[in-house]
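J.: the following comprises the amino acid sequence and a computationally predicted model.
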Amino acid sequence: IVAVRGIITAENRVFAESTTTSIFIQDGFYGVQIFKSGANTFQALKRNDEIIVKGNVTAFNGSTEIIPATTSPPDLFDLGPSIAPTPITISSASEISEVNEGRLVRLNNVTWDSVGQTFIASTSGRGRNNFNNGTGTVYLNAVNNIVGMQIPDLSQSAVGIVYHRADISGGGQQLYKLSPRNAVDLGLIGVGFEAVATGNWSSTSVWSGRVVPGPNDSVSFSTPDVVVTIDVANAACKHLTMVAAGSGANSGPVLQFSATGIRQLTVHGDLSISGGTGGGIGNRGSRPQLTSNGNTSAVLILRGNVT
């Protein structure tokens, strides 16, 4: 049994479905996966939170994991928001390897091998998510909202966790894979302010850069399960992009006004809402949602286009 302390770099619904806790933490240059089957904590454990966890060290298909007895004290303590680790820049896909396992890394000059097709959930024998002439592979769980997005024809930076999955091979796939957390990590949505945690618009812990966006900042919602509440009368951003994929129940990101009070959001540029499937009465599926939340005093001002 070991006890470790680290900052969450990849939240739930990146590596597993909603019924399981599957996150990555990093402390300095070292990263490791925390896994607990059947323990649903995707709303409680947020990216950039610092945690202390105690559990057994094991391996699953090559990936090193710590499995706590429970996801609550005394096995796991959530210490609250901390400073997000900066991705470690690597020089080539060959560095997506054991030496960097569990780390959050950035690789520049990524070009995709299957331009024009769509990203797929990682499975053996299918190398559609390969890049740089097969020297690198992206891992995508079926719940990741990148699944179904078009593979771009451009050279770009890619950010993700180095993840060892020896059971997913064939089709030219590498055993050590780069696992992006959302569409922002692959540049599929313009880099700006990504909502990475549930909370109020005015809370710095909600946003990827730990700064509340302003009228010149583009905002994106591509992290599953995130629910952000507009709690002020003067919220503003430049462009607002909401995108999702997959089919998980009630997993699409939500931007809502608080249920009472005078609340306003001004989007000085364009509003784009797309992606996701499923849903029905009382279930939004994986579709993103922008809602007044029943507040008749809520105001949305849009100065650009809707797509």
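T.: Now that the structure is in, tell me what you want to look at. Numbering: from 1, shown residues only.
J.: got any ranges where the chain has weak pLDDT?
T.: 18, 43, 190-192, 245-248, 279-281 (pLDDT under 70).
J.: what's the nearest residue to L300 if we skip its chain neighbours?
T.: L265 (5.4 Å; C-beta to C-beta, 6 or more residues apart in numbering). For every residue, glycine as well, the C-beta is placed using N, CA and C.
J.: send me whatever helix or strand L300 lives in as PDB with only the CA atoms.
T.: Per DSSP states H and E: L300 is located in strand 298-302. Provided in PDB are the C-alpha atoms of strand 298-302 (Å, rounded to 0.1, in the frame of the first residue of the first chain):
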ATOM      1  CA  ALA A 298     -31.900  35.800 -17.700                       C
ATOM      2  CA  VAL A 299     -30.500  37.700 -20.800                       C
ATOM      3  CA  LEU A 300     -28.300  36.300 -23.500                       C
ATOM      4  CA  ILE A 301     -26.900  39.000 -25.900                       C
ATOM      5  CA  LEU A 302     -25.300  37.600 -29.100                       C
END
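J.: circling back to that earlier point, what bridges to the residue nearest to L300?
T.: Here L265 sits in beta bridges with A235, L300, going by DSSP bridges.
J.: near it, how many other residues are there?
T.: By the criterion of other C-beta atoms under 10 Å, L265 has 22 neighbours.
J.: need the contact list for it.
T.: By C-beta atoms under 8 Å, 6 or more residues apart in numbering, L265 lies in contact with 201, 230, 235-237, 257, 299-301.
J.: narrow those residues to those that are buried.
T.: When neighbours are counted using 16 or more other C-beta atoms under 10 Å, the contacts of L265 contain these buried positions: 201, 230, 235-237, 257, 300.
J.: give me the distance from stretch 199-216 to the chain's centre.
T.: 16 Å (C-alpha atoms, centre = their mean, to the nearest Å).
J.: likewise stretch 200-219?
T.: 16 Å.
J.: okay, it in CSV with CA atoms only?
T.: This file holds the C-alpha atoms of stretch 200-219, laid out as CSV (Å, rounded to 0.1, in the frame of the first residue of the first chain):
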residue,chain,number,x,y,z
ASN,A,200,-20.1,29.3,-11.1
TRP,A,201,-18.9,31.4,-14.0
SER,A,202,-17.3,33.8,-11.6
SER,A,203,-15.2,31.0,-10.0
THR,A,204,-11.6,30.7,-11.2
SER,A,205,-11.6,27.0,-10.4
VAL,A,206,-14.0,26.4,-13.3
TRP,A,207,-11.6,27.6,-16.0
SER,A,208,-8.6,25.9,-17.4
GLY,A,209,-6.3,28.8,-16.9
ARG,A,210,-7.7,29.6,-13.4
VAL,A,211,-8.8,33.0,-14.6
VAL,A,212,-12.4,34.1,-15.3
PRO,A,213,-12.9,35.0,-19.0
GLY,A,214,-13.7,38.5,-20.1
PRO,A,215,-15.2,40.1,-23.3
ASN,A,216,-12.0,39.4,-25.4
ASP,A,217,-11.6,35.8,-24.4
SER,A,218,-13.0,32.8,-26.3
VAL,A,219,-14.8,30.2,-24.2
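J.: and that stretch, which residues are buried?
T.: 201, 203, 205-208, 212-213, 217-219.
J.: make JSON lines from those residues and add secondary structure and distance to N129 to it.
T.: Putting the buried residues of stretch 200-219 into JSON lines (DSSP: H, G, I helix; E, B strand; the rest coil; distance: C-beta to C-beta, whole Å) gives the following:
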{"residue": "W201", "secondary structure": "coil", "distance to N129": "34"}
{"residue": "S203", "secondary structure": "coil", "distance to N129": "34"}
{"residue": "S205", "secondary structure": "helix", "distance to N129": "31"}
{"residue": "V206", "secondary structure": "helix", "distance to N129": "29"}
{"residue": "W207", "secondary structure": "strand", "distance to N129": "28"}
{"residue": "S208", "secondary structure": "coil", "distance to N129": "23"}
{"residue": "V212", "secondary structure": "coil", "distance to N129": "34"}
{"residue": "P213", "secondary structure": "coil", "distance to N129": "31"}
{"residue": "D217", "secondary structure": "coil", "distance to N129": "30"}
{"residue": "S218", "secondary structure": "coil", "distance to N129": "26"}
{"residue": "V219", "secondary structure": "strand", "distance to N129": "27"}
